[in-house]
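Asks: sequence and predicted structure are below.
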Amino acid sequence: MNIPIEYYIWLSTVLFSIGVLGVLYRRNAIIIFACIELMLNAVNLLMVAFSAKLNDSNGQVFVFFIMAVAAAEVAVGLAILVMMYRKTKSVDIDILNRLRG
Amino acid sequence: MLTALLIFLPMIFSLLVLGLKPTLAKFLAFFGSLAVLLISLIIVFKFDKTQGNQFTVDWTWIASLGINFSVGIDGISMLLVLLTTVLMPGIILSTMNDDSKPSSYYSLMLLMQSALIGVFVARDGFLFYLFWEVALIPVYFLCLVWGGENRGRITLKFFIYTLTGSLFMLVALIYLYFHTPSHTFAIDALYDAGRSLDATQQAFVFVGLFLAFAIKMPVFPFHTWQPDTYTVAPVQGTMLLSGIMLKMGIYGVIRWLIPVVPLAVKEWGMVAIVLSVIGVVYGSCIAIVQKDFKRLIAYSSIAHVGLISAGLLTLSVVGMQGAMIQMLSHGVIVFGLFYIVEIVSARVKTRELSQMGGIRNVAPLLTTTFAVIMLGSVALPLTSGFVGEFLLINSLVQYKLWMGAVAGLTIILGAVYMLKTFQKSMSGETNAVTSTLSDLNYHERLVLYPVVVLVILIGVYPAPLLDISEVAVRNLLSLYPDLSASLK
Amino acid sequence: MSTGAMICLIPLLPLFGFVLISLTGKRLVKGFAALIACASVLVAFAFAVALFVKLLKGSGPLTATMFQWISAGNFSASISFLVDPLSSLMLLVITGVGFLIHVYSIGYMHDDEAFNRFMSYLNLFVFFMLLLVMGSNYLVMFVGWEGVGLCSYLLIGFWFKNQDYNDAANKAFIMNRIGDLGLLVGMILIFITFGSLNYADVLPKAEAIGTPVLTLITILLFIGAMGKSAQIPLYTWLPDAMAGPTPVSALIHAATMVTAGVYMVARNNILYTLSPIAMQLVLVIGLATALFAATIALAQNDIKKVLAYSTVSQLGLMFVALGVGAYASGIFHMVTHAFFKALLFLGAGSVIHAMHHEQDIRKMGGLRKYIPLTYFTFLVGVLAIAGIPPFAGFFSKDEILANAFRQNPVAWGIAVLASLLTAFYMFRLLFLTFFGKTRASEDTIHHIHESPKSMTIPLIFLAILSLGGGFMGVPELLGGGNWISGFLSPVFARSTELHVEHHLSHTTEFALMGIIVVFTLVMIGLAYRRYVAKAHVPAAEGAPLTPAHKTIYNKYYVDEIYDAVIVKPLYWISKLFDIVIERSGIDRLVNLIGDSLNDWSGIFRRIQNGHLGYYIFVMVLGVILIVAFSYTR
């Protein structure tokens, strides 16, 4: 009952790529957030897998950190999204171009 | 310890006055500047003229980068510290007729003083740079917030121009820093690092440092920020800029250029001298055709500073001592002149010389004070201006006869524009505006009389001041052995 | 009192006077101010006499040092004084004539509201003038040199409400400054060459220095003398300086300050003797000035302008003496000139006072009857300047001419011509002012009165000096001992040794003297015929003149030429600097750098288009590139 590490790597890569493509392709802010989460968790998965494989607990500790940070990020991000929705009645990121130089 | 107090006391007062009522802030600031003056007088009193650097303070600051809070006073620093601490009460006192300025105005002035003293006593490259830049900030705000017409554009130009120069200096300092064996900003280590460089490397360091100093002074052709800024700044800002801040550039040349890159100074000093001498004639000529009183004085300042930097770079004791005494004299005189500009223009409601005239009929005290300070400015013997200009022209003639003669044109051209100014503003019949002009009031006399006394006192008996810096100047120039042969 | 204290007090007393009067300002009663001013100069005069007696008794040069003034590196100079025969003589003239003029001013300036200011300036002037002649080094001399220039400026522009007067004051100061620059650079060259500025260190060593250096030094010093002593080309300020009150013209612009150049050259006589080219220059400039100014004086109608040009001309004559190496005669003439020219100016002042500030001689005439005392003293002055024996001018002028003849007959010819012209225009002045029918208006005639005692007494004293002053230098030829030349000989000893003298036979000298006196009398006769017998009056303003007359009347248009050649171009250059180079050159370039940064930013800002998707895309692209790049390595 030993799943080879390559499987994890491939799964993470696929998940990560989906995340990246989602971020690049979609315009809906919530979906983009979800995709970012997907990327983060792809990395988390890889970390846990390697941690088990190398028998080093550091990787798992890092995963906790990342989860904590991700949670905080989502909290802030969603708050911003709510504010943005109140202002623009939309969550389309294309209208957020006020930072144009 | 006293040295550190000199730096921090104005800073403390600068925080204390914040938020007070304007009149209270003014008095507290004045009191603070007097306290600093007192400390500096104690230092002068205890100063040992036969020694170099003294009153040192050496605190570790950022050990990992080799940065220390190390300050000390030698003869050269002493005179400039004295200039700063003597002028500062006068500058604050000159606001006595004007209650419109909030407490932050005084706070900024005191902060400025702190930074200026810091520049003059710093013996650590990083510390020097830090104070150098800190000095820019208060005066920028003074000009930006309380300046005259078109101040936004002009102060921005001033700020960016001088900042650009400073960045060149920073690069040069860091370059030197990396050539010190133990990576430190201590002044002696930087000196050794600079001198160990070959001629080409020194030339690069020279260019970096000289640009910063030349812009600050300013030397022709890096001067175009100066007339506009002087004209637009509130009078206290102008006094700070012209009376003290431009001496930072000259001091920089003395402390951070000449001892650091001797080879390059010898090779490229000629170019700098030529530029300075051009500035002397150029500034004087432009002053002749100015119609704005304040702007005229600004251009005359370019001419005087050009002479100082030219004499300085001849690398002779005579020239450098002349530069020291002329710095003091110029500081005092230009302070007085700008104050008189302010007094006159506040009453006549214009700075146009053509609108004035006949003031002598109604304000004899003002006229007499102006006359004495003007004579100092045109370097009449027995006024402070003469001692410096004589020594400077002397050093230039020793350097190159024709150069001394060209620089000497300042005594003719200076008379041309100053006498013309005096005639247009003071002499003649009164007009509708000047006929009701009032003479100096109590506070104005309190500021201007000491200036008059100083102008004459330094001119008649400059020996004590010259003695203070003599040893430091000799030490500095002992670096240039082929020249020091002629020192005896 | 010790000698040192006495020496120091001589200049300090007038300085105290100045400080006291100027600090108290108008609060001081006029009489009191006058008392302080006169007393300080009188006491200084007494000290000067005491020192003079000491020197006469055979004492060597007296010195006194006050304090170390400037010292830096190898340079040092102190405020110190030297009283030797030359400076002692100058002291007597300055304090003596100065005192008389102070007294005269009490009467002349009595009604002026700024009387105290006037007296304080006079005292300040005496202080600086004393520094000039008493300094034992070049730097102290320079202090006095510039200081008297300042006082001259202050006093020319004394009536400051009139901007023309202020212009004249500025012109005087600036022209003097041109000369001062020459003097300053020359002084520094002396320091470089000799390593000191003390006369005692410099003058004895002069022979060890090469002629080219000395020539350069002496010419530079002479430029200073040109400015101060109003020689070509820097003389135009002096006639304009007549804008000042008349006592000032007498004291500063005739008797003392303008002779500073003569003093300075005489002081440095050894340097000049050793550089023949500089001597030649002094001679040529002196001759040119003497003749040139004399011709201008022929056609002037302002009583003070005539005297001013005559001063310029006489100064030229003194430089002729110096230029031929007859230093003692130059100084002698300077002393007698101080007497009679001060007398003439004060006399003119008395006339102007009587005529209620009328200075135009065309509106005078016949004043002999109204102000006889002024007339007599003026006549003495005119006789003295014309060189009629036994008046002072005769002896001193004759000595110069004799020396010039020895050296160079052409120079003699020109100098004689100048002095003959002098006789003519001075008598023209005298005749037009005091002789014939009066041309003043009835109202003015009615008010003409002799001046008060305070004015006439100095006139009498000066008249006595002008009459008898020449006897201190009666040449051996006429049975005199030429005392002054003997007295001054220590100062000029070395120069005299170096100077090759061609001795003239007594017959030649007598003949020369006779010729000059006869021609002078002829000139006076001509002037009498034209202005008294024929009662000719110069043409009124605006009347047509012959071209030559017009040129002279307009002073050869020198002022206009200077204006066109120097003043205007200076303004043009300054304007050029200001507008072309400063504003559209350097500053434009600086602003251009700033603007170009703006332009570049304009290009780069397009990248920041604000679309989040675009940013993320670029970021991912970047990551991919980094990964790809690190794999390919």
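Replies: Now that the structure is in, tell me what you want to look at.
Asks: any idea how far the top helix by length along chain A is from the middle of the chain?
Replies: Using DSSP state H, we find that the single longest helix of chain A is helix A:58-88. How far helix A:58-88 lies from its chain's middle: 9 Å, per Cα atoms, centre = their mean, to the nearest Å.
Asks: ok, the residue nearest to residue C:558 when sequence neighbours are not counted - contacts?
Replies: Excluding its sequence neighbours, the residue lying closest to residue C:558 (Cβ to Cβ, 6 or more residues apart in numbering or on different chains) is residue C:236, at 5.8 Å. Heads up, the C-betas are built off the backbone N, CA and C, glycines and all. For residue C:236, the contacting residues are C:171, C:175, C:555, C:558, C:559, C:562, by Cβ atoms under 8 Å, 6 or more residues apart in numbering or on different chains.
Asks: most neighbours among those residues, which one?
Replies: Using other Cβ atoms under 10 Å in any protein chain shown as the neighbour test, the contacts of residue C:236 are led by residue C:175, with 26 neighbours.
Asks: pretty sure that one contacts residue C:227?
Replies: Yes: in this structure, residue C:175 is within contact of residue C:227 by Cβ atoms under 8 Å, at 5.8 Å.
Asks: so for the two, which residues contact both of them?
Replies: In contact with both residue C:175 and residue C:227: residue C:234, using Cβ under 8 Å, 6+ apart.
Asks: ranges for the strands of the stretch 1-150 of chain B?
Replies: Listed in chain order, the strands of the stretch 1-150 of chain B (DSSP state E, counting those that start in this stretch) span B:54-62, B:67-73.
Asks: with only the CA atoms kept, save the first one in PDB.
Replies: It stands for strand B:54-62. C-alpha atoms of strand B:54-62 as PDB (Å, rounded to 0.1, in the frame of the first residue of the first chain):
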ATOM      1  CA  GLN B  54      38.500  67.200  20.000                       C
ATOM      2  CA  PHE B  55      35.200  66.800  21.900                       C
ATOM      3  CA  THR B  56      34.800  63.500  20.200                       C
ATOM      4  CA  VAL B  57      31.800  61.200  20.900                       C
ATOM      5  CA  ASP B  58      31.900  57.700  19.600                       C
ATOM      6  CA  TRP B  59      28.900  55.500  20.000                       C
ATOM      7  CA  THR B  60      28.400  52.200  18.100                       C
ATOM      8  CA  TRP B  61      25.300  52.500  16.000                       C
ATOM      9  CA  ILE B  62      24.900  49.800  13.300                       C
END
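Asks: next, the buried residues of that strand.
Replies: B:54, B:55, B:57, B:61 (16 or more other Cβ atoms under 10 Å in any protein chain shown).
Asks: skip ahead from the helix ranked longest in chain B and say which helix or strand is next.
Replies: Longest helix of chain B, by residue count under DSSP H: helix B:317-348. The element immediately downstream of helix B:317-348 (helix or strand, assigned by DSSP states H and E) is helix B:359-362.
Asks: near chain C at all, that next one?
Replies: Yes: against chain C, helix B:359-362 shows contacts by Cβ under 8 Å from any Cβ of the partner chain at B:360, B:361.
Asks: equivalent analysis for stretch A:81-95, please.
Replies: Yes: Stretch A:81-95 comes into contact with chain C (Cβ under 8 Å from any Cβ), by way of A:93, A:94.
Asks: how far does that stretch sit from the chain's center?
Replies: Worked out by Cα atoms, centre = their mean, stretch A:81-95 lies 21 Å from the chain centre.
Asks: can you pull the contacts of residue 11?
Replies: Assuming you mean chain A. Taking Cβ under 8 Å, 6+ apart, one finds A:42, A:45 in contact with residue A:11.
Asks: not what I meant, chain C
Replies: So residue C:11 contacts C:44, C:81, C:127, C:130, C:131, C:134 (Cβ under 8 Å, 6+ apart).
Asks: circling back: and the longest helix of chain B, what's buried?
Replies: Going by neighbour count (16+ other Cβ under 10 Å), the buried part of helix B:317-348 is B:317-345, B:347-348.
Asks: for the residue nearest to residue C:558, grab phi and psi.
Replies: phi -70, psi -10 (degrees, to the nearest 10).
Asks: for chain B, give me its nearest residue in the stretch 1-150 of chain C.
Replies: residue C:73 (2.8 Å; Cβ to the nearest Cβ).
Asks: nearest residue to that residue other than its sequence neighbours?
Replies: residue B:317 (2.8 Å).
Asks: so where's chain A shaky on pLDDT?
Replies: In the predicted model of chain A, residues A:1, A:99-101 satisfy pLDDT under 70.
Asks: close to chain B: what parts of it are there?
Replies: By Cβ under 8 Å from any Cβ, no part of chain A sits against chain B.
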